[in-house]
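J.: only the shape, not the letters, is given here:
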């Protein structure tokens, strides 16, 4: 099993550009999450999904959109429509079989630099 | 709003010694879960230990144990017989419903 994978590992964007980060898991997990990690801030939840076709806002959702398509529930996409320097961060995807006590399995992270 | 506070940005411990990392949290929920995650320089987040709030017994995983004080909303991590491989950032996290809240982390250095 590959676990949780993230694509790309590193990306540089110019202000105003758009991009999509891909998270994929092969553990048949229902729950998937997107976090951002900034220095001195810990991890903050951006959006999450509790099953295919569902998404919900986390703590810091502004400027991001997500997609969890039916028939492709193993994928969870994070989109930036118009990147801003404030979105420079390390982005982590995680998944779990259910919420609550279930262990979250994290991807290796994507480092994004917005100039 | 839920908050998780780690008041020790940095800690150090001599190899083979014991160290305790502190964490406090604030929630109005009665049903929740608590976690400690380790993040080595590779940036991979690794679950160290977890605790159900309704359980009074403190969780243990080999050299790692917690001191869970529900009334005080405190959840500290004790690492016994510290090893060089324990050097990492440690994050405390609290889960309520579908939301997870992380502390700002404690950087642990292990001195040979």
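T.: Arrived safely. Quick caveat: nothing in here was measured; it's all calculated off a predicted structure.

J.: need the residue closest to the centroid of chain A.
T.: Against the mean C-alpha coordinate of chain A, by Cα atoms, centre = their mean, the closest residue is residue A:34 at 3.0 Å.

J.: what about that one, which helix or strand?
T.: When elements are assigned from DSSP states H and E, residue A:34 belongs to strand A:31-38.

J.: ok, residue A:48 next?
T.: Here residue A:48 is assigned to strand A:42-49, by DSSP H and E.

J.: by how many degrees do that strand and strand A:31-38 diverge?
T.: 150 degrees (axes from the mean of the first three to the mean of the last three Cα atoms, to 10 degrees).

J.: strand A:42-49 and chain B, any residue contact?
T.: Yes: counting by Cβ under 8 Å from any Cβ of the partner chain, contacts between strand A:42-49 and chain B involve A:42, A:43, A:44, A:45, A:48. (C-beta placed from N, C-alpha, C; glycine too.)

J.: tell me what that strand is packed against?
T.: Other helices and strands packing on strand A:42-49, by 3 or more Cβ pairs under 8 Å, 6 or more residues apart in numbering or on different chains; DSSP states H and E, are strand A:31-38, strand A:56-57, strand A:65-67, strand A:75-80, strand B:88-96, strand B:99-102.

J.: the fifth one to strand A:42-49, inter-axis angle?
T.: Strand B:88-96 and strand A:42-49 are oriented at 40 degrees to each other (the same axes, to 10 degrees).

J.: residue contacts, the closest residue in space to residue A:9 that isn't next to it in sequence?
T.: Nearest non-adjacent residue to residue A:9, counting by Cβ to Cβ, 6 or more residues apart in numbering or on different chains: residue A:110, 6.2 Å away. Applying Cβ atoms under 8 Å, 6 or more residues apart in numbering or on different chains, we find residue A:110 in contact with A:6, A:7, A:8, A:9, A:10, A:11, A:21, A:90, A:91, A:92.

J.: now a ChimeraX select for only the buried ones of those.
T.: Only the buried entries of the contacts of residue A:110 go into this ChimeraX selection, using 16 or more other Cβ atoms under 10 Å in any protein chain shown:
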select /A:6,11,21,90,91,92
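
J.: inside helices: which ones of the contacts of residue A:110?
T.: When the contacts of residue A:110 are checked against helices (DSSP state H), there are no matches.

J.: picking that back up, who does the residue nearest to residue A:9 form a beta bridge with?
T.: For residue A:110, the beta-bridge partners under DSSP bridges are residue A:91.

J.: got the confidence number for it?
T.: pLDDT recorded at residue A:110 is 96.

J.: before we move on, back to that, so which of the helices and strands packed on strand A:42-49 is nearest residue B:61?
T.: strand B:88-96 (13.5 Å; Cβ to Cβ).

J.: hmm, that closest one touching chain A?
T.: Yes: for strand B:88-96 and chain A, the contact criterion (Cβ under 8 Å from any Cβ) is met by B:91, B:93, B:95.

J.: fine by me, thanks again.
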